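> coords below, sequence missing:
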Ligand SMILES: [Zn+2]
């Protein structure tokens, strides 16, 4: 009887253990299932997000192709992205219309202004002073003369002022003025820079900087000065203007080229050679240079008398 009792107890225990094991296995399966479901859900969400991004990129490309303009940098949702091209096209059409009206108005205004301007034709500049040969327009004749036999006085006061004819420029300079070769074209393009870098003096005046409407003007008050400074630069200063003809002439081209680096060194050298040969002032500066180099005297003065 006792044995039967024990056997019944152990069977119950065994059943309990089995039930517990079943329950554990069930929970484990449930957990696995749950994790799998969660995984699948996450994957589905990620997949949907990628699809949305692909769609947005496709829409952007379509917008660029269709409207030839970059789409908005951020498109919040697919719905708005589909609407954007239409809105943008409307906006662009409106902008084009406004621009067209504006340019149309401008053209009309310019046309009206041109119509209101009276053309004044001076004719050909074909009149010549019989005394000095200066060229004139007919309207520049003396008020006392008539069109049949015009006379002119603003040139030479009827032959009272006799000016020597202008000297022919040196051949090298004439060639730079007139030739169609590349160095001559380059020279004419930078002619003011070449003039500045070879000038012996700097310009000084009381300049009026006021600019009103119309053609730009260069106005000065009072006296015009040509400043030349000392023959040699002051301690710690770079040589400038006439000083460049005297100081450190061994590196003259480099010194001048450093001032304006766009200039052609060969043209610069040729112009210097020409000035050395033809210009009396440059010859004087070179003479001063030679005196300083040979240490003839510590005190050298150069006096230029204005005629
Ligand atoms: Zn004249």
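On my side now, so go ahead. These numbers come from a predicted model, not from an experiment.
> starting at the chain centroid, how far to the helix or strand hosting residue 43?
For residue 43, the host element (DSSP states H and E) is helix 2-67. Put simply, helix 2-67 sits 67 Å off its chain's centre (CA atoms, centre = their mean, to the nearest Å).
> counting by contacts, list what it packs against.
If contacts are counted by 3 or more CB pairs under 8 Å, 6 or more residues apart in numbering; DSSP states H and E, helix 2-67 sits against helix 78-116. In this view, the C-beta of every residue, glycine as well, is placed from N, C-alpha and C.
> from the chain's centre, how far out does the helix it packs on sit?
Computed by CA atoms, centre = their mean, the chain-centroid distance of helix 78-116 equals 29 Å.
> try stretch 170-178
Distance of stretch 170-178 from the chain centroid (CA atoms, centre = their mean) equals 31 Å.
> show me what counts as buried in that stretch.
Buried residues in stretch 170-178, counted by 16 or more other CB atoms under 10 Å: 170, 173, 176.
> I'd like the mean pLDDT over the helix or strand the last one falls within, please.
It stands for residue 176. Taking DSSP H and E as the criterion, residue 176 maps to helix 171-178. Taken as a whole, helix 171-178 has a mean pLDDT of 96.
> 338 is where my numbering starts, stick with that
With the count now opening at 338, the last piece we talked about shows up as helix 508-515.
> C-terminal to it, what's the next element?
helix 519-526.
> quick one: list the elements packing against that following helix.
Taking 3+ CB pairs under 8 Å, 6+ apart as the contact cut, helix 519-526 packs with helix 508-515, helix 602-615.
> buried ones in it, by neighbour count?
So, applying 16+ other CB under 10 Å, buried residues of helix 519-526: 523-524.
> circling back: ok, which of the helices and strands packed on helix 519-526 comes nearest the ion?
Nearest to the ion among the helices and strands packed on helix 519-526 is helix 508-515 (25.0 Å), distances taken as CB to the ion.
> so how far is residue 584 from residue 631?
From residue 631 across to residue 584, the span is 15 Å (CB to CB, to the nearest Å).
> comparing the two, which residue is more hemmed in?
The residue with more neighbours, out of residue 631 and residue 584, is residue 584; 18 against 8, by other CB atoms under 10 Å.
> I figured that one hits residue 570, correct?
Yes - counting by CB atoms under 8 Å, residue 570 is a contact partner of residue 584 at 6.0 Å.
> quick check: neighbours shared by these two?
residue 576 (CB atoms under 8 Å, 6 or more residues apart in numbering).
> what about stretch 610-622, start to end distance?
With CA to CA, to the nearest Å as the measure, the ends of stretch 610-622 fall 14 Å from one another.
> phi, psi for residue 518 please.
In terms of degrees, to the nearest 10, the main-chain angles of residue 518 are phi -70, psi 160.
> would you mind measuring from it to residue 637?
Counting by CB to CB - residue 518 and residue 637 are separated by 41 Å.
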